[in-house]
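**Q** the following comprises the amino acid sequence and a computationally predicted model.
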Amino acid sequence: MNKASVGILVLGFSSSAHASGNEASNTAWLVLASVLVFFMQAGFALLESGMSRAKNAVNVMMKNYMDACAGGIVFWLLGFGLMFGSNLTGWFGTSHFAVQEGEPWDFTFLLFQMMFAATAATIASGAMAERTRYTAYLIGAVVISGLIYPVFGSWVWSGMYGGQGWLASLGFIDFAGSTVVHSVGAWCALAGILVLGPRLGRYAADGTPRLIPGHNLSLVALGGFILWVGWFGFNAGSSLEMNVSLGLIALNTHLAASAGALGAFLAQRGSSSPVLLTTTVNGSLGGLVGVTAGCASMQPGFALLTGLVAGFVVVFGMRLLDRLQLDDVVGAVPVHGFAGVWGTVAAGLFFSGDLFNWERVGVQLLGAAAAFLWAFPLALLLYLLLDKLFGLRVSSQDEQRGLDYAEHAEVGYPEFNLAQTFDADALPGRVGK
Amino acid sequence: MNKASVGILVLGFSSSAHASGNEASNTAWLVLASVLVFFMQAGFALLESGMSRAKNAVNVMMKNYMDACAGGIVFWLLGFGLMFGSNLTGWFGTSHFAVQEGEPWDFTFLLFQMMFAATAATIASGAMAERTRYTAYLIGAVVISGLIYPVFGSWVWSGMYGGQGWLASLGFIDFAGSTVVHSVGAWCALAGILVLGPRLGRYAADGTPRLIPGHNLSLVALGGFILWVGWFGFNAGSSLEMNVSLGLIALNTHLAASAGALGAFLAQRGSSSPVLLTTTVNGSLGGLVGVTAGCASMQPGFALLTGLVAGFVVVFGMRLLDRLQLDDVVGAVPVHGFAGVWGTVAAGLFFSGDLFNWERVGVQLLGAAAAFLWAFPLALLLYLLLDKLFGLRVSSQDEQRGLDYAEHAEVGYPEFNLAQTFDADALPGRVGK
Amino acid sequence: MNKASVGILVLGFSSSAHASGNEASNTAWLVLASVLVFFMQAGFALLESGMSRAKNAVNVMMKNYMDACAGGIVFWLLGFGLMFGSNLTGWFGTSHFAVQEGEPWDFTFLLFQMMFAATAATIASGAMAERTRYTAYLIGAVVISGLIYPVFGSWVWSGMYGGQGWLASLGFIDFAGSTVVHSVGAWCALAGILVLGPRLGRYAADGTPRLIPGHNLSLVALGGFILWVGWFGFNAGSSLEMNVSLGLIALNTHLAASAGALGAFLAQRGSSSPVLLTTTVNGSLGGLVGVTAGCASMQPGFALLTGLVAGFVVVFGMRLLDRLQLDDVVGAVPVHGFAGVWGTVAAGLFFSGDLFNWERVGVQLLGAAAAFLWAFPLALLLYLLLDKLFGLRVSSQDEQRGLDYAEHAEVGYPEFNLAQTFDADALPGRVGK
């Protein structure tokens, strides 16, 4: 319960008898925050589904549904212990696996952290949509939830049961996980799309990107709203207690999300490209990712600025990926990765009462780099191995038929007449890996 | 507020000054839990809608919307008094009808219980989808919310205003209602589908089941996520106070849901049938139903086991119904009935600190049997009577046209071109009752 | 934090040490209520989208998404200060613009109020759907959130930082904003549709209204459920603290919503018109709007009555608009305006412990009239000005093509085959202004 103290001290809150709750109310608060973070799974699922084609609607939902389930169980078995167990070396925890007994707070804390693990795993799903073999994807998600995410997490957030992570010892600030959750997830996603290659027809033979429109933009917007709703639990829940600083955290969260959408809007208008709903929603998500590190230690105006810049980062990040012919279906790498790095830096730049302390910024950059250096190579190895063992990507024929037909024996919208317009001209493009 | 004490005592929580909240915080907790339980109505509506055909989309929504409304009002008028009013005989309550005045807590408690009543009524809706006359359905829902559910509930949960239910006196454990809410709802559903008969074309002349695919599996998954979200309020809210045991309850809820999906996944893979999204979502719901009785008095590993088994129960329960030619559109009877019975037994088997006490298991079985013996015959009578008076089932022609056209003068998706593939070949099947 | 005291005193709650929370728990409560109110944005978006045609799906979502973003930022910059800043004259506030520093509670309170401002702005969106130019709409939303809404709000709710609004001094009761939020939003909507004129083909040459069906009634129902869910935060959050009266407030909210749907049901049945899902959902929303003013100072039976009457008000209000050829796509004016006036009056009529005090009712009517006299002319001026400067309405050709094509370069459902049945016969109708 000491993460919150950063924000409280910095902004000069007096620590009166009324400033924080008792154990019962802290429990209720964390349970409610957990519910909100879990709800984000539905947001991720809708966002990814809406940005994918109808022929993969069932696959997208199944991935998001099952990675929450399998990820939750493996985090209980293994990940929680690696992340929060007694951490003598500063590099990983070694107790509290498959927690069966404990103090009431142990269960509450485990629940909340379990939801975070599922979030990290789900980020890769969206990037790798529409071409990944189902079982291989699930195994990857389990490894992220159970190993890659928790080990990095132990460097920053461990200490609950003794010891301290090495990044935490350096003063690295990541209140709710711009780096710990979002960037780590995004670097796994980046490894995944590198191994997979772009979808059929996504880039023409000369490299020109071709838009593959998502099948349901109403679901994209609903997913965006739900993610935003859940993010209040993600950020304000990370105080781990009911205290008076929750209002500022939530306000900063909201301002950054709003400014992220505005930033994306301005970036699109400013570069004379149409203002897309998908990109605008991604802008707000970028704002949310960006403010996640510093939401408890920034003043509102800086939170707004952090979000605004994140909106620009998302728009230009998406273009950068397209130039590199990296096919990230939902924009997970710009939203969670690039905006996550920016947010981690911003948490250093705009640290309340100590603005632009470059030493602090240096530590923030070190943490962001460490996340990349840990997660990316490991995820690359993981996906290369899965590719070797099972084949990470479905066959070209299955990709054209759609994963619902090929992998799930169910289709999303059996009664609706669908146009088949996006496959025919896809074939001359880059096929497979 | 004494239901929670079961869980607290068993798991050895020290009852310190900080272990539970004051009346203001208990009120806030119960209001928030009520909101979550109410949100489950949206989950039920989406799940049922997605599993039904597009031609009945409006009907499904109208049933779920209006049974919450009418059910809420009748529970205020009648059901609450029957269930929680002064219960001298142990068989039903006799005070607190149409509560207009009271202590603040009376209103809070009434609100929470009102949401539960709506849940019980809604369970029947999904099973009876696509062929039930609208007005007859609504009258049935009102009788369930106002009479069948609250009278059984008074046997287990009354005592708020004096007296004790006879099942409670025997030591029957049903923390949040595996039996009280879910099984009772499911046995009403079973009666309903017996009186209705299967949908046109659902079983071939020789009895072979024929799949009638739902029109929107994205909505099914979203409904599943929302039900899961709401269930945290359902289970943790049932402690009726803000206390330190909420974390364990919510953790058990989450693990059981995750394991339920995993169990359904394994049951399908293990029997070489395709892993369907619909069945997987039902598996997680089965896990949730299963853990509802014992979520406050089980260790996490047992909650996981309870959910895992529930996933298997759902898969094989759905097959059993199909063998009996009982057409349960959403699988409400396996999910809420069979998994409810299993969960009620599991609450006895895995009672923390007193595992496998067979006497306790005996009481649990008695309670489960009592639910069936009360709810099923009464609901059968109800639906037979409704059938006699109004006709419970629409005409074959109206069923083929869809209830939206026949009963509501509105269609769900007027601009979308729909395929009409599921009626033509339906006719040679079993037609109506 | 003194709004709640009205309800508490009236209903005779003893003010014990346990009757309300401490600052930490009040903060958590208000953050959670803010989350629920923010979730209403998704509800509004889905409701409007579902009631509009598929060709405008992206536009609807973009309006609702961006007015929350832009509205939030402008409320932080300007609106909050106008509404809650030091209010010496009783007519507007003059401090707390762009709050950057403050006590913890300042941030919490600002967050909650920011969500209310977005709600007020969004109400106009639904009425003006399917024909409004995107940029002009957004500017209008910003002016509502930043100026029209907060200035009126300061007449009733200011006082947090000194001074009191003139309507509040008269004893005007509007606990959560039947008038302050909903009627003000609705009178802006009314001004908007007057300036815009009806959609092409909405009224025949002889004035007969022609139904333009919404494209997705499942989304309408989901939107209704989400709005209902969010409204618990809207009403119970308005107590601004965690206290024992939250249960009654939420119960009244729920009963009124249920009764509103029932009232709309009865009004439709009673006038031999088909019971439409859209109208039934609007009935429940009318019940919610109606009870918003008096939810903390009414007994449950009166809340139910308030909602029931609101259901009738909505049905007949929708018919009245049609007779006047005012094309309000979602029924925002009857739901938020007419039911808002009724609810404001009902808060006077059914004031607990002082029923039918006509002096009180007079003040209520004065407040309702003041809202109209402030918001309607100003919004009319605003929209006329926007029309002059940019053109408020898109061209006939763009309206027929759909705003998604014309304004956003994205379509909502690119793979679905859509029927084009509602434009062809639209042309002989009233075209544009």
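**A** Noted; the coordinates are in hand. Every value quoted in this text rests on a predicted model; they were computed, and no experiment measured them.
**Q** for the spatially most central residue of chain A, give its distance to chain B.
**A** The centroid of chain A falls nearest to A:H182 when counting by CA atoms, centre = their mean (3.7 Å). Going from A:H182 to chain B by CB to the nearest CB, to the nearest Å gives 21 Å. Every residue, glycine included, has its C-beta placed from N, CA and C.
**Q** ok, the residue of the stretch 251-400 of chain A found nearest chain B - contacts?
**A** Closest contact between the stretch 251-400 of chain A and chain B, by CB to the nearest CB, is at A:D398 (14.5 Å). With contact set as CB atoms under 8 Å, 6 or more residues apart in numbering or on different chains, A:D398 has these partners: A:Y405, A:A406, A:E407.
**Q** can you give the distance of stretch A:268-282 from its chain's centre?
**A** Centroid separation for stretch A:268-282 versus its chain: 21 Å, with CA atoms, centre = their mean, to the nearest Å.
**Q** could you say which helix or strand contains the residue of the stretch 251-400 of chain A closest to chain B?
**A** A:D398 is part of helix A:396-401 when elements are defined by DSSP states H and E.
**Q** can you give me the buried ones in that helix?
**A** A:E399, A:Q400 (16 or more other CB atoms under 10 Å in any protein chain shown).
**Q** centre of the chain versus it, how much separation?
**A** The answer for helix A:396-401 is 28 Å, by CA atoms, centre = their mean.
**Q** flag every residue of the stretch 251-400 of chain A that's near chain C.
**A** A:251, A:254-255, A:257-259, A:261-262, A:265, A:274-278, A:280-281, A:284, A:299-301, A:304 (CB under 8 Å from any CB of the partner chain).
**Q** whichever of the residues you listed end up buried, select them in PyMOL.
**A** To isolate the buried ones among these in PyMOL, judged by 16+ other CB under 10 Å, type:
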select buried, chain A and resi 251+254+255+257+258+259+261+262+265+275+276+277+278+280+281+284+299+300+301+304
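**Q** next step: the residues of the stretch 251-400 of chain A next to chain C restricted to strands.
**A** With DSSP state E as the criterion, strands contain none of those.
**Q** quick one, helices of the stretch 51-200 of chain A?
**A** A:57-74, A:80-84, A:104-127, A:134-143, A:149-157, A:166-169, A:184-196 (DSSP state H, counting those that start in this stretch).
**Q** need the residues of the stretch 201-350 of chain A near chain B, please.
**A** Close to chain B, as judged by CB under 8 Å from any CB, the stretch 201-350 of chain A has residues A:N216, A:L219.
**Q** one more time with 7 Å, if that's ok
**A** Neighbours of chain B within the stretch 201-350 of chain A, by CB under 7 Å from any CB of the partner chain: A:L219.
**Q** name the residue of the stretch 201-350 of chain A that lies nearest to chain B.
**A** For the stretch 201-350 of chain A, CB to the nearest CB, closest residue to chain B: A:L219, 6.6 Å.
**Q** for that residue, give me the pLDDT.
**A** Model confidence at A:L219, given as pLDDT, is 97.
**Q** list the contacts for it?
**A** A:L46, A:S49, A:G50, B:S218 (CB atoms under 7 Å, 6 or more residues apart in numbering or on different chains).
**Q** which helix or which strand is home to it?
**A** helix A:217-237.
**Q** what about that helix, distance to the chain center?
**A** 12 Å.
**Q** cool, and stretch A:407-424?
**A** Using CA atoms, centre = their mean, the offset of stretch A:407-424 from its chain centre is 29 Å.
**Q** so is that stretch next to chain C?
**A** Yes. Using CB under 7 Å from any CB, stretch A:407-424 reaches chain C at A:F416, A:N417, A:L418, A:A419.
**Q** which residues are in contact with the residue of chain A found nearest chain B?
**A** Using CB to the nearest CB, A:T108 is the residue of chain A that sits closest to chain B, at 2.6 Å. A:T108 makes contact with A:T27, A:L30, A:V31, B:G247, according to CB under 7 Å, 6+ apart.
**Q** again, but for A:M114
**A** A:M114 neighbours (CB under 7 Å, 6+ apart): A:G72, A:F75, A:W76, B:H254.
**Q** show the contacting residues for the last one.
**A** In this structure, B:H254 makes contact with A:G72, A:L111, A:M114, judged by CB under 7 Å, 6+ apart.
**Q** got JSON lines for those residues, with pLDDT too?
**A** JSON lines is the format used below for the contacts of B:H254 (pLDDT from 0 to 100):
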{"residue": "A:G72", "pLDDT": "95"}
{"residue": "A:L111", "pLDDT": "98"}
{"residue": "A:M114", "pLDDT": "97"}
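**Q** which of these sits closest to chain C?
**A** A:L111 (17.1 Å).
**Q** which residue packs closest to the residue of chain A closest to chain B, ignoring adjacent ones?
**A** Using CB to CB, 6 or more residues apart in numbering or on different chains and skipping the chain neighbours, the partner closest in space to A:T108 is B:G247 (2.6 Å).
**Q** how about A:R269?
**A** A:R269 sits nearest to A:V275 (CB to CB, 6+ apart), 6.2 Å away.
**Q** for A:V281, see how far away that neighbour is.
**A** 11 Å (CB to CB, to the nearest Å).
**Q** cool, A:L46 as well?
**A** With CB to CB as the criterion, A:L46 and A:V281 are 11 Å apart.
**Q** so, low pLDDT: which residues of the stretch 1-150 of chain A?
**A** Scanning the stretch 1-150 of chain A for pLDDT under 70 picks out the ranges A:1-20.
**Q** which positions within stretch A:202-219 qualify as buried?
**A** Of the residues in stretch A:202-219, those buried (16+ other CB under 10 Å) are A:R202, A:Y203, A:I212, A:P213, A:G214, A:H215, A:N216, A:L217, A:S218, A:L219.
**Q** show me the shaky parts of the stretch 201-350 of chain A.
**A** Under the criterion pLDDT under 70, no range of the stretch 201-350 of chain A is flagged.
**Q** how many neighbours does the closest residue to A:Q397 other than its chain neighbours have?
**A** In this structure, A:Q397 finds its nearest non-sequential neighbour in A:A406, 7.9 Å apart by CB to CB, 6+ apart. When neighbours are defined as other CB atoms under 10 Å in any protein chain shown, A:A406 has 19 of them.
**Q** shouldn't A:A406 be in contact with A:S396?
**A** No. Assessed by CB atoms under 7 Å, A:A406 is found out of contact with A:S396, at 10.9 Å.
**Q** any idea which helix is longest in chain A?
**A** helix A:358-390 (DSSP state H).
**Q** next one: it, is it in contact with chain B?
**A** No. With CB under 7 Å from any CB as the criterion, chain B is not reached by helix A:358-390; the gap is at least 15.0 Å.
**Q** going by neighbour count, list what's buried in that helix.
**A** Buried-residue list, helix A:358-390, by 16+ other CB under 10 Å: A:360-361, A:363-365, A:367-368, A:370-372, A:374-376, A:378-380, A:382-383, A:385-387.
**Q** what separates A:G79 from A:I148, distance-wise?
**A** 9 Å.
**Q** sec struct for A:F316, please.
**A** Under DSSP: H, G, I helix; E, B strand; the rest coil, A:F316 falls in the helix class.
**Q** what sits against it?
**A** Contacts of A:F316 (CB under 7 Å, 6+ apart): A:A267.
**Q** that one and A:A369: what is the separation?
**A** In terms of CB to CB, A:F316 sits 21 Å off from A:A369.
**Q** likewise A:G93?
**A** 22 Å.
**Q** and the nearest residue to A:L386 once chain neighbours are set aside, how far from chain C?
**A** Nearest non-adjacent residue to A:L386, counting by CB to CB, 6+ apart: A:A136, 4.5 Å away. Relative to chain C, A:A136 is positioned 26 Å away (CB to the nearest CB).
**Q** check A:L384 too.
**A** Distance from A:L384 to chain C, by CB to the nearest CB: 33 Å.
**Q** again with A:Y161
**A** For A:Y161 relative to chain C (CB to the nearest CB), the value is 25 Å.
**Q** A:T94 too?
**A** 34 Å.
**Q** got the contact list for that residue?
**A** Counted by CB under 7 Å, 6+ apart, A:T94 has contacts A:G85, A:S86.
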